[in-house]
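Chemist: Quick one, fold the following:
(2 chains)
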Amino acid sequence: GQNIDQPTEMTATEGAIVQINCTYQTSGFNGLFWYQQHAGEAPTFLSYNVLDGLEEKGRFSSFLSRSKGYSYLLLKELQMKDSASYLCAVRAAGNNRKLIWGLGTSLAVNP
Amino acid sequence: DVKVTQSSRYLVKRTGEKVFLECVQDMDHENMFWYRQDPGLGLRLIYFSYDVKMKEKGDIPEGYSVSREKKERFSLILESASTNQTSMYLCASSLRQDPYEQYFGPGTRLTVT
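Modeler: Below you'll find the predicted structure:
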């Protein structure tokens, strides 16, 4: 089957760094996405990785290892507004239109 | 900026009613999707469409149907609403090219009583 695993909840302190992990087992691989979703709102796109390595975008970075079926989202200089759910999604082989979604990691940033 | 709009933010319907949820995108995206999101179950794909009048079942199509008569509009229909269809419904759209990033509408919170 196809499966994506993420921790359910994490907590961190304002100003710190946090790493949110995602492991996946899918039939093929055509890219991995990270989305942010604040409570009661729609998911918004954060990053996309299709090749191994680190993609940096301001305070957020995303890493991918295809051989290990592993990705992480790194959030630096945490702010209170970063309290949200972070969703990992994979585009598997075959049907490129659909994404397979993880259940999300709820991050609480404390002062 | 991509804009995906949904017809209602909140909706309350009675069991057995026929319910229409409308989604419109303004970026000429080929692909459109309907999801529902429930606590502990994450995002689940109901239906998607990759072209006008084309549709494919997602993971949980039972009790739902869709319509795509125009490229910018994708409708979700609950033929006979039931209480287990109380949920947050999210519409998304994407281009038909790499990376197929999906843009989401604000969501409709549907309550069936």
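Chemist: With adjacent residues omitted, what lies nearest to residue A:64?
Modeler: Distances taken as C-beta to C-beta, 6 or more residues apart in numbering or on different chains place residue A:49 nearest to residue A:64, at 3.8 Å, with adjacent residues excluded. C-betas here are computed from N, CA, C, even on glycine.
Chemist: let me redo that: residue B:75
Modeler: Nearest-residue entry for residue B:75: residue B:67, 4.5 Å, with adjacent residues in sequence omitted and distances by C-beta to C-beta, 6+ apart.
Chemist: List the buried residues of the strand ranked longest in chain B.
Modeler: With secondary structure taken from DSSP state E, chain B has its longest strand at strand B:42-51. For strand B:42-51, the buried set under the neighbour-count rule, 16 or more other C-beta atoms under 10 Å in any protein chain shown, comprises B:42, B:43, B:45, B:46, B:47, B:48, B:49, B:50.
Chemist: Other residues contacting that strand?
Modeler: Counting by C-beta atoms under 8 Å, 6 or more residues apart in numbering or on different chains, strand B:42-51 makes contact with A:43, A:87, A:97-98, A:101-104, B:30-38, B:55-61, B:64-66, B:68, B:71, B:74, B:76, B:90, B:96, all of which sit outside it.
Chemist: are any of these buried, and which?
Modeler: A:43, A:87, A:97-98, A:101-104, B:30-37, B:55, B:58, B:64, B:66, B:68, B:74, B:76, B:90.
Chemist: Return the subset of the residues you listed lying in strands.
Modeler: A:87, A:101, B:31-37, B:55, B:64, B:66, B:68, B:74, B:76, B:90.
Chemist: in what helix or strand does residue 21 lie?
Modeler: If you meant another chain, say so; for now it's chain A. Counting by DSSP states H and E, the element that carries residue A:21 is strand A:18-25.
Chemist: my bad, chain B
Modeler: With elements delineated by DSSP H and E, residue B:21 resides in strand B:19-25, which encompasses its position.
Chemist: Also compute the angle for that strand relative to strand B:31-38, please.
Modeler: 130 degrees (axes from the mean of the first three to the mean of the last three C-alpha atoms, to 10 degrees).
Chemist: how far out from the middle of the chain is strand B:19-25?
Modeler: With C-alpha atoms, centre = their mean, to the nearest Å as the basis, strand B:19-25 stands 7 Å off its chain's centre.
Chemist: before we move on, the earlier item: strands paired with the strand holding residue A:21, and their directions?
Modeler: Sheet pairing here is set by DSSP bridges, and for strand A:18-25 it gives strand A:3-5 (antiparallel), strand A:70-75 (antiparallel).
Chemist: Those strands: lowest mean pLDDT?
Modeler: Across those, strand A:3-5 has the smallest mean pLDDT, namely a mean of 94.
Chemist: Show me what secondary structure element comes after it.
Modeler: With elements assigned by DSSP H and E, the helix or strand that comes after strand A:3-5 is strand A:9-13.
Chemist: Let me see the mean pLDDT of that next one.
Modeler: Rounded mean pLDDT across strand A:9-13 is 97.
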